[in-house]
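1. structure here, sequence nowhere to be found:
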(Lines give C-alpha, C1' and ligand atoms only; values in the text may rest on other atoms or scores of the structure.)
Protein backbone atom coordinates (compact mmCIF):
# COMPACT_ATOMS: atom_id res chain seq x y z
CA UNK A 1 0.00 0.00 0.00
CA UNK A 2 0.95 3.60 -0.36
CA UNK A 3 3.00 5.16 2.38
CA UNK A 4 3.46 8.84 2.92
CA UNK A 5 6.87 10.38 3.52
CA UNK A 6 6.71 12.39 6.69
CA UNK A 7 9.59 14.52 7.95
CA UNK A 8 11.32 15.06 10.15
CA UNK A 9 11.09 11.75 12.02
CA UNK A 10 11.81 13.48 15.32
CA UNK A 11 12.35 16.98 16.65
CA UNK A 12 13.73 18.39 19.88
CA UNK A 13 12.81 22.02 20.45
CA UNK A 14 12.82 24.58 23.21
CA UNK A 15 9.54 25.68 24.71
CA UNK A 16 8.31 28.77 22.88
CA UNK A 17 9.83 27.84 19.52
CA UNK A 18 7.82 27.31 16.35
CA UNK A 19 7.69 23.87 14.71
CA UNK A 20 7.22 22.82 11.09
CA UNK A 21 6.71 19.35 9.70
CA UNK A 22 5.57 18.08 6.32
CA UNK A 23 4.23 15.13 4.47
CA UNK A 24 4.56 14.16 0.81
CA UNK A 25 2.96 11.52 -1.37
CA UNK A 26 3.71 10.19 -4.82
CA UNK A 27 0.11 10.60 -5.92
CA UNK A 28 -2.52 13.27 -5.78
CA UNK A 29 -4.75 13.40 -2.71
CA UNK A 30 -8.02 15.24 -2.25
CA UNK A 31 -7.94 15.15 1.55
CA UNK A 32 -5.18 15.72 4.07
CA UNK A 33 -5.59 15.14 7.80
CA UNK A 34 -3.27 15.79 10.73
CA UNK A 35 -3.45 13.76 13.94
CA UNK A 36 -1.65 13.87 17.29
CA UNK A 37 -1.04 10.76 19.37
CA UNK A 38 -0.08 10.78 23.04
CA UNK A 39 1.60 7.71 24.61
CA UNK A 40 -0.88 4.89 25.19
CA UNK A 41 -3.69 6.72 23.44
CA UNK A 42 -5.29 6.73 20.01
CA UNK A 43 -4.65 9.43 17.41
CA UNK A 44 -6.72 12.58 17.83
CA UNK A 45 -7.75 14.57 14.77
CA UNK A 46 -6.29 18.08 14.76
CA UNK A 47 -7.02 19.54 11.34
CA UNK A 48 -8.73 18.40 8.13
CA UNK A 49 -7.98 19.94 4.70
CA UNK A 50 -10.08 19.43 1.59
CA UNK A 51 -8.90 21.92 -1.02
CA UNK A 52 -5.56 22.54 -2.72
CA UNK A 53 -3.98 25.68 -1.29
CA UNK A 54 -6.27 25.63 1.75
CA UNK A 55 -4.78 27.02 4.96
CA UNK A 56 -6.58 26.07 8.17
CA UNK A 57 -5.83 26.92 11.79
CA UNK A 58 -6.76 25.29 15.08
CA UNK A 59 -5.42 27.46 17.89
CA UNK A 60 -1.63 27.51 17.61
CA UNK A 61 -1.70 24.90 14.86
CA UNK A 62 -1.84 25.79 11.18
CA UNK A 63 -1.92 23.29 8.34
CA UNK A 64 -1.79 23.75 4.61
CA UNK A 65 -2.92 21.61 1.69
CA UNK A 66 -0.11 21.85 -0.85
CA UNK A 67 -0.91 23.40 -4.21
CA UNK A 68 0.37 20.30 -6.06
CA UNK A 69 -2.04 18.15 -3.97
CA UNK A 70 0.90 15.88 -3.18
CA UNK A 71 1.96 17.46 0.09
CA UNK A 72 0.81 19.06 3.31
CA UNK A 73 2.44 21.04 6.07
CA UNK A 74 1.76 21.48 9.78
CA UNK A 75 3.10 24.37 11.83
CA UNK A 76 2.89 24.77 15.58
CA UNK A 77 3.61 28.22 16.94
CA UNK A 78 5.00 29.03 20.39
CA UNK A 79 5.31 25.40 21.48
CA UNK A 80 4.41 24.35 25.01
CA UNK A 81 5.22 21.15 26.95
CA UNK A 82 1.82 19.58 26.23
CA UNK A 83 2.61 19.67 22.49
CA UNK A 84 4.83 16.64 23.11
CA UNK A 85 3.65 13.60 21.18
CA UNK A 86 3.69 11.99 17.76
CA UNK A 87 2.10 13.86 14.88
CA UNK A 88 0.76 11.88 11.94
CA UNK A 89 -0.32 13.04 8.54
CA UNK A 90 -2.92 11.09 6.62
CA UNK A 91 -4.11 11.52 3.08
CA UNK A 92 -6.71 10.08 0.80
CA UNK A 93 -7.17 10.14 -2.96
CA UNK A 94 -10.87 9.46 -2.59
CA UNK A 95 -13.67 10.27 -0.18
CA UNK A 96 -14.00 7.82 2.66
CA UNK A 97 -11.71 6.88 5.53
CA UNK A 98 -11.23 3.40 4.05
CA UNK A 99 -8.89 5.10 1.58
CA UNK A 100 -6.71 6.84 4.16
CA UNK A 101 -2.95 6.39 4.02
CA UNK A 102 -0.82 7.38 7.01
CA UNK A 103 2.66 8.77 7.44
CA UNK A 104 5.08 7.20 9.92
CA UNK A 105 4.89 10.15 12.28
CA UNK A 106 7.01 12.99 13.64
CA UNK A 107 7.95 12.59 17.31
CA UNK A 108 8.04 16.01 18.97
CA UNK A 109 9.87 16.67 22.22
CA UNK A 110 9.56 20.08 23.85
CA UNK A 111 12.26 21.04 26.31
CA UNK A 112 10.96 23.36 29.06
CA UNK B 1 -13.61 12.34 22.70
CA UNK B 2 -15.63 10.29 20.26
CA UNK B 3 -17.60 7.57 22.07
CA UNK B 4 -15.41 4.61 21.15
CA UNK B 5 -14.49 1.87 23.60
CA UNK B 6 -12.04 -0.90 22.79
CA UNK B 7 -11.72 -4.05 24.83
CA UNK B 8 -9.54 -5.47 26.10
CA UNK B 9 -6.93 -2.71 26.33
CA UNK B 10 -4.11 -5.22 26.75
CA UNK B 11 -3.87 -8.91 25.95
CA UNK B 12 -1.16 -11.52 25.89
CA UNK B 13 -1.96 -14.72 24.05
CA UNK B 14 -0.17 -17.80 22.81
CA UNK B 15 0.63 -18.59 19.19
CA UNK B 16 -2.16 -20.56 17.56
CA UNK B 17 -4.96 -19.42 19.85
CA UNK B 18 -7.99 -17.46 18.61
CA UNK B 19 -8.36 -13.87 19.78
CA UNK B 20 -11.28 -11.46 19.45
CA UNK B 21 -11.00 -7.73 19.95
CA UNK B 22 -14.11 -5.63 20.43
CA UNK B 23 -14.92 -2.10 19.40
CA UNK B 24 -18.07 -0.41 20.72
CA UNK B 25 -19.30 3.03 19.62
CA UNK B 26 -22.04 5.26 20.97
CA UNK B 27 -21.99 7.75 18.07
CA UNK B 28 -24.23 5.76 15.70
CA UNK B 29 -21.66 6.25 12.91
CA UNK B 30 -22.14 4.11 9.84
CA UNK B 31 -18.49 3.30 9.17
CA UNK B 32 -16.13 1.40 11.47
CA UNK B 33 -12.51 0.43 10.87
CA UNK B 34 -9.78 -1.72 12.32
CA UNK B 35 -6.17 -0.55 11.96
CA UNK B 36 -2.90 -1.91 13.25
CA UNK B 37 0.02 0.29 14.24
CA UNK B 38 3.59 -0.94 14.00
CA UNK B 39 6.89 0.94 14.26
CA UNK B 40 8.04 2.16 10.87
CA UNK B 41 4.68 1.45 9.21
CA UNK B 42 2.29 3.98 10.62
CA UNK B 43 -1.35 2.93 10.72
CA UNK B 44 -2.55 0.33 8.23
CA UNK B 45 -6.14 -0.64 7.52
CA UNK B 46 -7.09 -4.26 8.26
CA UNK B 47 -10.84 -4.35 7.57
CA UNK B 48 -13.68 -1.91 7.59
CA UNK B 49 -17.46 -1.95 7.73
CA UNK B 50 -19.91 0.30 5.93
CA UNK B 51 -23.00 -1.03 7.66
CA UNK B 52 -24.42 -3.91 9.63
CA UNK B 53 -23.18 -7.14 8.05
CA UNK B 54 -21.32 -5.15 5.36
CA UNK B 55 -17.56 -5.45 5.56
CA UNK B 56 -14.58 -5.25 3.24
CA UNK B 57 -10.86 -5.91 3.31
CA UNK B 58 -8.17 -3.35 3.86
CA UNK B 59 -4.47 -3.31 3.06
CA UNK B 60 -3.38 -5.98 5.59
CA UNK B 61 -6.38 -8.30 5.97
CA UNK B 62 -4.66 -11.72 5.80
CA UNK B 63 -5.13 -13.67 9.04
CA UNK B 64 -7.98 -11.47 10.25
CA UNK B 65 -11.75 -11.62 10.04
CA UNK B 66 -14.40 -9.18 11.21
CA UNK B 67 -18.06 -9.14 12.03
CA UNK B 68 -20.63 -6.43 12.57
CA UNK B 69 -24.01 -7.66 13.76
CA UNK B 70 -25.04 -4.33 15.32
CA UNK B 71 -24.31 -0.73 14.37
CA UNK B 72 -22.45 -0.14 17.59
CA UNK B 73 -20.16 -3.19 17.65
CA UNK B 74 -17.32 -4.22 15.34
CA UNK B 75 -15.33 -7.34 16.20
CA UNK B 76 -11.87 -8.25 14.95
CA UNK B 77 -10.89 -11.93 15.15
CA UNK B 78 -7.50 -13.52 14.76
CA UNK B 79 -8.42 -17.13 14.05
CA UNK B 80 -4.97 -18.46 14.96
CA UNK B 81 -2.69 -15.80 16.35
CA UNK B 82 0.91 -15.55 15.10
CA UNK B 83 3.84 -13.55 16.45
CA UNK B 84 3.64 -11.24 13.42
CA UNK B 85 0.24 -10.12 14.70
CA UNK B 86 1.79 -8.62 17.82
CA UNK B 87 0.79 -4.99 17.43
CA UNK B 88 -1.36 -2.17 18.69
CA UNK B 89 -4.85 -2.34 17.21
CA UNK B 90 -7.03 0.70 16.79
CA UNK B 91 -10.69 0.93 16.02
CA UNK B 92 -11.96 4.04 14.25
CA UNK B 93 -15.34 5.38 13.20
CA UNK B 94 -16.55 7.88 10.64
CA UNK B 95 -19.83 9.14 9.26
CA UNK B 96 -19.03 8.85 5.56
CA UNK B 97 -16.39 11.56 5.33
CA UNK B 98 -12.68 10.92 5.27
CA UNK B 99 -12.28 12.06 8.88
CA UNK B 100 -11.77 9.07 11.14
CA UNK B 101 -11.98 9.16 14.95
CA UNK B 102 -9.96 6.62 16.87
CA UNK B 103 -10.37 4.57 20.01
CA UNK B 104 -7.65 4.20 22.65
CA UNK B 105 -6.17 1.04 21.20
CA UNK B 106 -5.57 -2.56 22.22
CA UNK B 107 -2.02 -3.76 22.75
CA UNK B 108 -1.82 -7.40 21.69
CA UNK B 109 1.22 -9.56 22.35
CA UNK B 110 1.44 -13.02 20.81
CA UNK B 111 4.04 -15.23 22.51
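-> Right, received. Where do you want to start? Nothing here was measured: the structure is a model prediction, and the numbers come from that model.
2. is chain A contacted by stretch B:58-77?
-> Yes. Using CB under 8 Å from any CB of the partner chain, stretch B:58-77 reaches chain A at B:58-60. Placement of C-beta: from N, CA and C, glycine included.
3. which residues touch that stretch?
-> With contact meaning CB atoms under 8 Å, 6 or more residues apart in numbering or on different chains, stretch B:58-77 is reached by A:1, A:98, B:18-26, B:28, B:30, B:32-36, B:44-49, B:51-55, B:78-80, B:82, B:85, B:89, B:91.
4. list the buried ones in that stretch?
-> B:58, B:60-61, B:64, B:66, B:68, B:72, B:74-76 (16 or more other CB atoms under 10 Å in any protein chain shown).
5. isn't residue A:42 up against residue B:88?
-> No. Counting by CB atoms under 8 Å, residue A:42 stays clear of residue B:88, with 9.2 Å between them.
6. which ones among the buried residues of stretch B:58-77 are found in helices?
-> Nothing among the buried residues of stretch B:58-77 maps onto helices, per DSSP state H.
7. now the lowest-mean-pLDDT helix or strand in chain A: how far from the chain's centre is it?
-> Using mean pLDDT, DSSP states H and E, strand A:101-102 stands out as the lowest-scoring helix or strand of chain A, at a mean of 91. On the basis of CA atoms, centre = their mean, to the nearest Å, strand A:101-102 sits 11 Å off its chain's mean C-alpha point.
8. list the helices and strands it packs on?
-> strand A:85-92, strand B:42-51 (3 or more CB pairs under 8 Å, 6 or more residues apart in numbering or on different chains; DSSP states H and E).
9. and those strands, which is most packed in?
-> Mean neighbours per residue, mean count of other CB atoms under 10 Å in any protein chain shown, is largest over the helices and strands packed on strand A:101-102 for strand A:85-92, with a mean of 24.
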